[in-house]
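Participant: what follows is a protein structure lacking sequence information:
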């Protein structure tokens, strides 16, 4: 059975070491989403990134405890997202939350009663019509942009020889942008249609990489010429989002 409708995509941009009481904050958010009866939540862990204070985060192979960028994604109705934020926001001492419209096509088992799906929503409609604007929050949201850069793990910066994702994050710090998260996919293909996959015994791979950066529109526009300079082959997307920022003078461990 297929259902369609407009909902809200809520993303929490955190780090793995931010905690709520005696557990990681991202884990607590997922548990709260489950207690609120939401349809699901996804945790994505980055391996490279930029913290709000300009500190570079990167995964270390043998470290037992380390700080890496972490994203929690939840998609649901505006009212449910609002109830989740009412619980979670008081615990957000640092991090960024984004809200954006999401046209959802959901597939469920045919044993459920089928509900009539309305006409396909105009997913390119103006942002002011988004149901994400119905979500009330403790912090007054800013209008912002989510920049996604899709490249390959083997791509490099010709000027420095660095991996391209590192070069992009370091240049983002110079602007400075509010943060960046680098995610690695286990499978994908690029413009040349060649499949890239993670294989256990391979020492060198060219896996899909996504860099996510959220900031004010003017700062993202300021950074786009840098992206044009560095990315010779890849894909760049821009999404209008509502941005909630939380920061503390002392980092929570």
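Facilitator: Yep, that arrived. As the structure is a computational prediction, the values presented were derived from the model and not from experiment.
Participant: in the chain, what helix or strand scores lowest on average pLDDT?
Facilitator: strand 195-197 (a mean of 48; mean pLDDT, DSSP states H and E).
Participant: list the buried ones in the longest helix along the chain?
Facilitator: Taking DSSP state H as the criterion, the chain has its longest helix at helix 217-230. Neighbour-count burial for helix 217-230, counted by 16 or more other Cβ atoms under 10 Å, picks out 219-220, 223, 227, 230. (Glycine included, C-beta is placed from N, CA and C.)
Participant: how many neighbours does the nearest residue to residue 216 once chain neighbours are set aside have?
Facilitator: Of all residues not flanking residue 216 in the chain, residue 144 sits nearest, at 5.6 Å (Cβ to Cβ, 6 or more residues apart in numbering). As a burial measure, residue 144 scores 24 neighbours (other Cβ atoms under 10 Å).
Participant: the host helix or strand of residue 144 to helix 217-230, inter-axis angle?
Facilitator: If you go by DSSP states H and E, residue 144 is part of strand 142-152. Angle, strand 142-152 to helix 217-230, by axes from the mean of the first three to the mean of the last three Cα atoms, to 10 degrees: 10 degrees.
Participant: quick revisit: relative to residue 236, which of the buried residues of helix 217-230 is nearest.
Facilitator: Residue 236 lies nearest to residue 227 out of the buried residues of helix 217-230, by Cβ to Cβ, at 6.0 Å.
Participant: surely that closest one touches residue 237?
Facilitator: No: if you go by Cβ atoms under 8 Å, residue 227 and residue 237 don't touch, sitting 11.2 Å apart.
Participant: now for these two: what residues contact both?
Facilitator: Residues touching both residue 227 and residue 237 by Cβ atoms under 8 Å, 6 or more residues apart in numbering: residue 147.
Participant: run through the stretch 101-250 of the chain and note the low-pLDDT ranges.
Facilitator: 104-129, 188-205, 248-250 (pLDDT under 70).
Participant: show me where it has its strands.
Facilitator: Along the stretch 101-250 of the chain, the segments classed as strands by DSSP state E, counting those that start in this stretch run 142-152, 180-184, 187-189, 195-197, 208-215, 235-246.
Participant: which elements pack onto the longest helix of the chain?
Facilitator: strand 142-152, helix 164-174, strand 208-215 (3 or more Cβ pairs under 8 Å, 6 or more residues apart in numbering; DSSP states H and E).
Participant: and residue 187, how many neighbours?
Facilitator: Other residues near residue 187 number 10, with proximity taken as other Cβ under 10 Å.
Participant: can you check residue 166 too?
Facilitator: 16.
Participant: my guess is it contacts residue 48, does it?
Facilitator: Yes: counting by Cβ under 8 Å, residue 166 touches residue 48, with 6.6 Å between them.
Participant: which strands border the strand holding residue 144, and is each parallel or antiparallel?
Facilitator: Paired strands of strand 142-152, with direction, are strand 208-215 (antiparallel), strand 235-246 (antiparallel) (DSSP bridges).
Participant: most tightly surrounded among those strands?
Facilitator: With neighbours taken as mean count of other Cβ atoms under 10 Å, those reach their highest mean count in strand 208-215, at a mean of 23.
Participant: how is this structure partitioned into domains?
Facilitator: Domain assignment for the chain by automatic domain parsing gives 2-139, 142-242.
Participant: how long is the last one end to end?
Facilitator: Read it as domain 142-242. By Cα to Cα, to the nearest Å, the extent of domain 142-242 from end to end equals 6 Å.
Participant: now find how far off-centre that domain is within its chain.
Facilitator: Distance, stretch centre to chain centre, for domain 142-242: 12 Å (Cα atoms, centre = their mean, to the nearest Å).
Participant: so which of the helices and strands packed on helix 217-230 gets nearest residue 19?
Facilitator: Of those, nearest to residue 19 by Cβ to Cβ is strand 208-215, at 22.3 Å.
Participant: sounds good, over and out.
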